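Visitor: Generate coordinates for the sequence data below:
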Amino acid sequence: MSNPLKRRGFLKGAGAALVAAVALPGCSPGPEGGVKFRARPHPMAEPWKHRLGLAQGGDDPGRRVRVAIEKLCGAEGVRTFVKPGDGVVIKPNIGWAQVPEMGATVDPAVVSTLVQLCREAGAKTVKVFDNTVGTTSKCYEFSGIEKAAKAAGAEVFLCAPHRFLMLKFDDPRAKRVAEWPIYEDALTADVFINVACAKVHNHPQAKVTLCMKNLMGVQGGDRGKFHQDISQNLADLNVMIRPTLNILDATRVMIAGGPSGGRRDQIVAGRTLVCGTSAVTVDCWGADPKNLPWPKGHHDLAAVGCIALGAAAGLGVADPSKIEVSA
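Guide: Residues are numbered from 1 along each chain as shown. Take a look at the predicted model:
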C-alpha cells in the first residue's frame with residue numbers, strides 16, 4: 001500500500017457506543033469542531049437519483065464522457081455543476097500499476113476529458129489523485145493518468161500521510177463506521193467527481209468494484225479492517241462522501257483477476273460510460289449482468305450487497321426497473 005498508515009479504524013460494534021474522535025499518528029483531527037465533506041451536490045442530485053446518462057460504442061472514451069454527461073445534464077453538460085472559480089477534485093481509480101489496456105484503472109482519456117471540461121466551465125483548480133493500493137508513483141505513471149491529466153491542465157499529486165483528517169461518521173444512516181481518516185482535498189473541494197472503472201473483485205461480499213467502492217481511494221487507515229463487513233462499510237462511506245457526479249468507465253471490463261488484473265485475456269471491450277448523481281444508482285446499473293459483459297455465473301445484482309444498503313440509506317436506486325436511462 002502506498003500510504004501504510006498504521007492507525008486504527010474505528011468501527012461501531014453491535015450495541016457499542018460511538019468512539020470519541022482522537023488524533024492518531026500521521027492523521028490530523030482537523031480544525032476545532034471537526035471536519036465535514038463540503039462539495040456541492042449537483043443541482044438535481046435528489047430529483048435525478050434514479051436517472052443516468054449513458055454513452056456506448058465507438059473507440060473514443062473522451063467522446064463517451066461528453067455524450068453521457070450531456071445525456072444526463074442537457075446541452076450545458078459540466079457547466080450545470082461546475083461554476084467559474086470552483087475548486088474541482090477528480091478521483092479516478094489509479095489503484096494499480098497497470099497499463100490502461102489491463103482495465104485495472106480508469107482510461108486516461110476519460111480523466112483528461114473531464115479535466116478539460118471542468119477547465120472550460122471556469123474551474124479555478126482541478127486536482128486529480130488517488131490513495132493507491134500499489135506503489136503510487138508507478139500507478140500514476142503506468143496508468144497514463146498522471147501524464148494525461150497534467151497535459152489537460154490538472155494538478156496531480158501523491159497523497160501525503162499527514163493530510164488525512166479524521167471525519168466523524170455522525171449521520172445516523174452510517175450504521176457501522178464511527179469515524180475514518182479522509183484526504184483533505186476530497187473534503188474541501190467545491191465539486192467532487194468520482195470516476196470508477198468496471199471490474200470484478202475477489203472479495204466474497206464485494207463481487208465487483210464500481211463507484212461506491214472507488215471512494216475507498218479518498219480514505220487512509222487500515223484497508224484490511226475496512227474490508228471487514230465491507231458492504232455496510234461502503235454504504236456508510238457513501239453516506240458521508242457524496243460526489244457531485246459519479247462516472248463509471250466501462251471502456252474495458254475486467255472479467256477475471258480483479259481488482260488488480262494482469263492478463264489481457266481477462267479484459268473484454270465494454271465501450272460504455274455511464275454517469276449519474278447517485279453512486280448507488282450507477283452501480284445498480286453497472287453491476288447488472290444485463291448491462292455489462294460480466295462473466296456468466298459470476299454474480300447477480302442482489303449479491304452486490306452495498307447497493308441495497310446504499311439504497312436503504314436513501315442514496316439511490318437498487319431496483320433496475322426504477323432507473324431512467326437517457327441514452
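
Visitor: When you work out contacts or count neighbours from here on, use the C-alpha atoms and nothing else.
Guide: OK.

Visitor: Where does the residue most central in space within the chain sit: helix, strand or coil?
Guide: Centroid check for the chain by Cα atoms, centre = their mean gives residue 214 as the closest residue, at 3.4 Å. Classification of residue 214 by DSSP: H, G, I helix; E, B strand; the rest coil places it in helix.

Visitor: Span of stretch 157-164 from start to end?
Guide: Start-to-end span of stretch 157-164 (Cα to Cα, to the nearest Å) is 14 Å.

Visitor: ditto for stretch 117-135
Guide: 29 Å.

Visitor: Name the residues of it that are buried.
Guide: 117-119, 121, 123, 125-134 (16 or more other Cα atoms under 10 Å).

Visitor: Show me the contact partners of it.
Guide: The contact list for stretch 117-135 (Cα atoms under 8 Å, 6 or more residues apart in numbering) reads 1-3, 78-79, 82-97, 115, 139, 149, 153-159, 217-220.

Visitor: Same check on stretch 280-288?
Guide: 49-52, 198, 208, 210-212, 246-248, 274-276, 291-292, 300-301, 304, 307, 310-311, 315-320, 323.

Visitor: coming back round to it: so which of the contacts of stretch 117-135 sit within helices?
Guide: 115, 139, 149 (DSSP state H).

Visitor: Give me the neighbour count for residue 206.
Guide: 20 (other Cα atoms under 10 Å).

Visitor: Sorry, wrong one. I was asking about residue 58.
Guide: Residue 58, neighbours per other Cα under 10 Å, totals 11.

Visitor: Tell me which helix or strand the nearest residue to it once chain neighbours are set aside sits in.
Guide: Spatial nearest neighbour of residue 58, excluding adjacent residues (Cα to Cα, 6 or more residues apart in numbering): residue 271 at 6.7 Å. If you go by DSSP states H and E, residue 271 is part of strand 267-276.

Visitor: list the buried ones in stretch 216-236?
Guide: Going by 16+ other Cα under 10 Å, stretch 216-236 has these buried residues: 216-222, 226, 230-236.

Visitor: just to revisit the earlier point, from what I can see the residue nearest to the centre of the chain touches residue 95, true?
Guide: No: using Cα atoms under 8 Å, residue 214 makes no contact with residue 95, being 9.3 Å away.

Visitor: Return the member of the buried residues of stretch 216-236 nearest to residue 65.
Guide: Each of these was scored against residue 65 by Cα to Cα, and residue 217 proved nearest at 21.2 Å.

Visitor: Please verify my assumption that that closest one contacts residue 136.
Guide: No: distance between residue 217 and residue 136: 11.6 Å, which falls outside the contact criterion (Cα under 8 Å).

Visitor: bridging residues for the residue lying closest to residue 155 once chain neighbours are set aside?
Guide: Nearest residue to residue 155, sequence neighbours excluded (Cα to Cα, 6+ apart): residue 127, at 4.7 Å. Under DSSP bridges, the beta-bridge partners of residue 127 are residue 89, residue 155.

Visitor: So residue 197: helix, strand or coil?
Guide: Strictly by three-state DSSP, residue 197 counts as strand.

Visitor: In contact with it, which residues?
Guide: 93, 103-106, 209-211, 248-250, 252-253.

Visitor: hang on, the earlier thing: identify the contacts common to residue 217 and residue 136.
Guide: Residues touching both residue 217 and residue 136 by Cα under 8 Å, 6+ apart: residue 95.

Visitor: In contact with the closest residue to residue 263 other than its chain neighbours: list those residues for me.
Guide: Nearest residue to residue 263 in three dimensions, chain neighbours excluded: residue 102, at 6.7 Å (Cα to Cα, 6+ apart). By Cα under 8 Å, 6+ apart, the contact list for residue 102 reads 254, 261-264, 266-267.

Visitor: List the residue ranges of this structure that fall below the pLDDT cut-off.
Guide: Scanning the chain with the threshold set as pLDDT under 70 gives 1-33.

Visitor: same thing but at 90, please
Guide: For the chain, the stretches with pLDDT under 90 are 1-34, 134-136, 202-206, 262, 327.

Visitor: which residues in it form strands?
Guide: 10-11, 51-56, 87-92, 125-128, 155-156, 164-168, 177-183, 191-200, 208-209, 245-254, 267-276, 324-326 (DSSP state E).

Visitor: Quick one: closest of these to residue 35.
Guide: Per Cα to Cα, nearest to residue 35 of the strands of the chain: strand 164-168, 5.9 Å.

Visitor: Remind me what that closest one packs against, helices and strands.
Guide: On a contact count with 3 or more Cα pairs under 8 Å, 6 or more residues apart in numbering; DSSP states H and E, strand 164-168 meets strand 177-183.

Visitor: Pull out the buried positions in the strand it packs on.
Guide: 177-183.

Visitor: orientation of it relative to strand 164-168 in degrees?
Guide: 150 degrees (axes from the mean of the first three to the mean of the last three Cα atoms, to 10 degrees).
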